[in-house]
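J.: Could you work out the structure for the sequence below:
(chains A and B)
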2 protein chains.
Amino acid sequence: MHRSLFLLIALSMTLTAPTCAQAAPAPRGMARILADAPASAWRNLNPARLLVMRLPQGRVVIELAPRFAPAHVANIEMLARAHYWDGLAITRVQDDFVTQWGDPDAGTPRQRALPAGLPRALPAEYERSARGLDFTRLPDGDVYAPEVGFVDGFPVGENPRTQHAWLLHCYGMVGVGRDNPPDTGNGAELYAVIGQAPRQLDRNIALVGRVVQGMDLLAELPRGHGPLGFYRDAAQRTRILSVRLASTLPAAERPRLQALRTATPSFAALVAARRDRSNPWFVRQAGRIDVCNVPLPVRKLPAATP
Amino acid sequence: MHRSLFLLIALSMTLTAPTCAQAAPAPRGMARILADAPASAWRNLNPARLLVMRLPQGRVVIELAPRFAPAHVANIEMLARAHYWDGLAITRVQDDFVTQWGDPDAGTPRQRALPAGLPRALPAEYERSARGLDFTRLPDGDVYAPEVGFVDGFPVGENPRTQHAWLLHCYGMVGVGRDNPPDTGNGAELYAVIGQAPRQLDRNIALVGRVVQGMDLLAELPRGHGPLGFYRDAAQRTRILSVRLASTLPAAERPRLQALRTATPSFAALVAARRDRSNPWFVRQAGRIDVCNVPLPVRKLPAATP
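T.: Numbering: from 1, shown residues only, chains lettered A, B, ... in the order given. All right, here's what the predicted structure looks like:
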C-alpha cells in the first residue's frame, strides 16, 4: 500500500488482505489504478482554499467549496484570518451524525466577538445553478436526488429539470450550523459528517467543503451525552489550537496535497473498481455504488512536484 | 426528551433544538410518536438473543439475528458460553468502516484455542429464503437492492424474483469476519459498522445482528493506523472484559430493553416523520429516506413491565 496515500473515505477494502495486482486480463484494483494514474489526473490542492485546523491530537485539513457557497466561504476565510477559532473548542459530537466546533459560549454574554465587518446574515446558499459546472454523473441512482455525481471532487446532486446543483451530506463533508431562520449561519459554527450520510440535510443548510486529511481525528472523539450530542461537561471538549488558511501559513507548514480529478478516466476506472471488486474475497459484486461510498483519493504531493 | 430512550441510530434531529410537539393538524415529531406508541408496539428484547460485551468504558449490547444466520449465531452463543472472548481485544478500528474484535494472536502459535466441538466451517449464510418473514417494505428505493425494508427490526434487502432476503450493512450492524474462502468465518472474529453503510459487503459475509446499546463506545475508539485499521501497537487495543449471553447473566445484570416493532403503525408513522420533518428548522423536506437512515427506537423497559 502507498504510504503516501491518504484516502478520505475509508477504502473498505474487505476484511482481509489488500487487493493484489491481478494478472493482465483481470480488472484493476484501486491501488493499481492510482499508481497508473498520470500526473495530469491529479490536481494540487490550492492553499488559498484549504482550512487547517490544529487540534492537540493533530491536524485536520478541509478543502473549501467557494463555487457552491461563496458568501459562507468568504466569512470562513475572514474568520480564519482573524484567528477567530483559536482557543475555541469542539463542542458537540453526536454519534452517527456530526462533530461540531465553534464558540462554547455562543449565545451567552461571554461569547467571543465576531470580527468587525463580518456579514451576519448570509444568503441561503443551499443550491446553485448547474450551469458552468463540470458535472461527472454517477449512473447508479440515488434515493434522495434525481441525479448525483461529482464536481471538483465534491459529491453533488443535480435536478435536470430545475437546473440546480447542490453539495451532498456524505461522510467528511463540512457545513455551517444555523438556527431556525435560514440566514442565521454566519460561518462561525462548523460541523463535519461522521456517520451514515444524513442526506435529509441536503439543500437545508450550507455545505462549504470536505475534510481531506485528519478525518479520523474528528470521528474518533468521545461522543457528547447532552442533548444533540453536546458535551455536558466543559472538560470533555477538545480545544482548537488554531484555524488558518493554508495560504497564510509559512510555506513549510502548508499541507502539500493532491486529489484525483473526478472528471478523468482514472477516476472513472476507480468508480468501476469500487462497484465491482477485483479482490477475490468478494463472492458477489454489488454492481452499483452509492455516491457517498465513492472515495476521493488524496495523496501527498510527490517529492519531485514543484 | 425521554431520558429512558436510547436510539440506536442517531436521531439526526437537526442542528438546533429538539422537535416540539406541534399543534393538532401538524405532523407529529418522533418523540411524540414514540410517546403515543401503545405498549403492544414494543417488544421486549429476548435475553437469550442478546450478547453483552463489557469493555472498560462500558457495555455494548447486540441483538442477534438467528433467523438470518442460524449456524453463525449458534457458534457465537457457544463462544460466549465458553467465555471465549474474555481478555481478548478490539483489534481493528478502520475509520468510516468497521470496529472489529477477537483474538489478536489469531493465526499465530499463541492463538487462543476455540471451544472443543465448535463447528469451524459454516455455511455461507449471506441470504435466505424470504418465505415466512414478516417483511415491512420501505417504498423509497435503494441503490443496491431491488427491495428494502425491515424484518424483526433489522434492515433487510429482498429480491422478489429469487425470493431471497438478506440483512443490510447499515451503521451498527454486526457481522462475522472471514478470510477469502466463504466458509472461513467461525464467529470468533466480529465487526460492527461504524461509518457510511458499506453495502458492497451485503450478501458477501454473514451479518448476525445489530448493536442496540453502546454503539458510541465502538464508534469513538481511536482509529488504528496499520493496514486496514489494525492497531500497530498492542497497547492501543481495547481489552474485552467479558462477553456473555444476557440469559446467562444474573437477573439484575441483564439489559432490560424494548425495541419498537417494525411491523406496526407506530413504526410506519416514525418512518413518515423521518422522511418529512415536522421540525420548522427544515426549509425543504427530503420526501425520501434511505433504509440505513431509519432509526430503530430502543428504550429501557418501563418500570411497571414484568
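J.: Show me what from the stretch 201-306 of chain A comes close to chain B.
T.: Proximity of the stretch 201-306 of chain A to chain B is confined to A:201-205, A:215-216, A:219-223, A:227-229, A:274, A:277, A:280-284, A:286, A:288-290, A:292-293 under the rule Cβ under 8 Å from any Cβ of the partner chain. For glycine as for every other residue, the C-beta is placed from the backbone atoms N, C-alpha and C.
J.: List buried residues within those residues.
T.: Among these, those classed as buried by 16 or more other Cβ atoms under 10 Å in any protein chain shown are A:201-205, A:215-216, A:219-223, A:228-229, A:274, A:277, A:281-282, A:286, A:288-290, A:292-293.
J.: Among the residues you listed, name the ones in helices.
T.: Among these, DSSP state H puts A:M215, A:D216, A:A219, A:R274 in helices.
J.: For A:F150, grab the count of nearby residues.
T.: Under the neighbour criterion other Cβ atoms under 10 Å in any protein chain shown, A:F150 is assigned a count of 23.
J.: Who does it form a beta bridge with?
T.: Beta-bridge pairing of A:F150 under DSSP bridges involves A:T136, A:P155.
J.: Return the per-residue confidence for it.
T.: Per-residue pLDDT puts A:F150 at 98.
J.: Please determine how far it is located from chain B.
T.: Computed as Cβ to the nearest Cβ, to the nearest Å, the A:F150 to chain B distance reads 16 Å.
J.: Report the separation between that residue and A:G157.
T.: Noted for A:F150: a distance of 11 Å to A:G157, by Cβ to Cβ, to the nearest Å.
J.: Check A:L296 too.
T.: Separation of A:L296 from A:G157 (Cβ to Cβ): 16 Å.
J.: do the same with A:I76
T.: 22 Å.
J.: nearest to chain B, of the ones in helices among the buried ones among the residues of the stretch 201-306 of chain A next to chain B?
T.: Closest approach to chain B among these (Cβ to the nearest Cβ): A:D216, at 4.1 Å.
J.: Would you map the helices across the stretch 1-150 of chain A?
T.: Assigned by DSSP state H, counting those that start in this stretch, the helices in the stretch 1-150 of chain A fall at A:30-36, A:70-81.
J.: thinking again about what came up before, more neighbours: A:I76 and A:G157, which one.
T.: A:I76 (27 against 23).
J.: need the contact list for that one.
T.: With contacts defined as Cβ atoms under 8 Å, 6 or more residues apart in numbering or on different chains, A:I76 is in contact with A:L51, A:L64, A:V176, A:G187, A:L190, A:V208.
J.: Kindly recompute the last result at 10 Å.
T.: Each residue near A:I76 by Cβ atoms under 10 Å, 6 or more residues apart in numbering or on different chains is listed here: A:51, A:62, A:64, A:66, A:69, A:84-85, A:174, A:176, A:186-188, A:190, A:208-209, A:243, A:245.
J.: swap in A:M173?
T.: A:62, A:65, A:98, A:154-155, A:167, A:191-193, A:197-198, A:201-202, A:207-211, A:292.
J.: May I see the buried residues of stretch A:168-188?
T.: Applying 16+ other Cβ under 10 Å to stretch A:168-188 flags A:168-178, A:182, A:185-188 as buried.
J.: got it, and stretch A:254-268?
T.: Using 16+ other Cβ under 10 Å as the test for burial, stretch A:254-268 gives A:R254, A:P255, A:R256, A:L257, A:Q258, A:A259, A:L260, A:R261, A:T262, A:T264, A:S266, A:F267.
J.: Using JSON lines, please lay out these together with secondary structure and pLDDT.
T.: Formatted as JSON lines, the buried residues of stretch A:254-268 follow (DSSP: H, G, I helix; E, B strand; the rest coil; pLDDT from 0 to 100):
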{"residue": "A:R254", "secondary structure": "coil", "pLDDT": "97"}
{"residue": "A:P255", "secondary structure": "coil", "pLDDT": "97"}
{"residue": "A:R256", "secondary structure": "coil", "pLDDT": "97"}
{"residue": "A:L257", "secondary structure": "strand", "pLDDT": "98"}
{"residue": "A:Q258", "secondary structure": "strand", "pLDDT": "98"}
{"residue": "A:A259", "secondary structure": "strand", "pLDDT": "98"}
{"residue": "A:L260", "secondary structure": "strand", "pLDDT": "98"}
{"residue": "A:R261", "secondary structure": "coil", "pLDDT": "98"}
{"residue": "A:T262", "secondary structure": "coil", "pLDDT": "97"}
{"residue": "A:T264", "secondary structure": "coil", "pLDDT": "98"}
{"residue": "A:S266", "secondary structure": "helix", "pLDDT": "98"}
{"residue": "A:F267", "secondary structure": "helix", "pLDDT": "98"}
